[in-house]
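Q: How does the following fold in three dimensions:
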Amino acid sequence: MLRADQGDACANAALERISARAVEVHGMAARYAADLPAADAADEAMRQAVAAAAPGLAAAALQLIASDEALGLTPEQQMYMWERAAELDLAVVEDLTGTHTVPAEVVALQRLGARGAGGWASEPTQS
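A: Predicted coordinates:
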């Protein structure tokens, strides 16, 4: 499960990455839509934030479902789902599996606009 209160470090890293993207895009969209009426600007910013988060959320869902042994998926079915998840958002899949090279605390610092100890000012997002 991908929840903020889950306590799993890998899931928390994935959720932090997805949230950071949504927050960043929401802020940019709000600035670009500033000349619209307030309600329209808020709607546009939210639409863009959801669009930024959607691939990561879908990838996380596929990754978590494919990894659920209770479903009894064949290795081929699991591999298919893992591949689709990686196509949607490789960074989130790497976070969930603990193989991502950018630590969660750096992602959290990026969300705040700071520069992490590893020297990453920002990380490209998946499209």
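
Q: where in this structure is pLDDT low?
A: 1, 7, 101-127 (pLDDT under 70).

Q: Okay, helices next: where are they in it?
A: Secondary structure of the chain (DSSP state H): helices at 9-32, 38-66, 75-97, 104-111.

Q: Give me the most central residue, this structure.
A: When C-alpha atoms, centre = their mean is applied to the chain, the residue found nearest the centroid is residue 18 (2.3 Å).

Q: And for the closest residue to that one other than its chain neighbours, the neighbour number?
A: Using C-beta to C-beta, 6 or more residues apart in numbering and skipping residues adjacent in sequence, the residue nearest residue 18 is residue 56, 3.9 Å away. All C-beta spots, glycine's among them, are computed from the backbone N, C-alpha and C. By other C-beta atoms under 10 Å, 27 other residues sit near residue 56.

Q: sorry, back to before: wait, the residue nearest to the centre of the chain sits on residue 60?
A: Yes. Under the criterion of C-beta atoms under 8 Å, residue 18 makes contact with residue 60 at 7.3 Å.

Q: Now the common contact residues for these two.
A: Any residue near both residue 18 and residue 60 by C-beta atoms under 8 Å, 6 or more residues apart in numbering counts here, and that gives residue 92.
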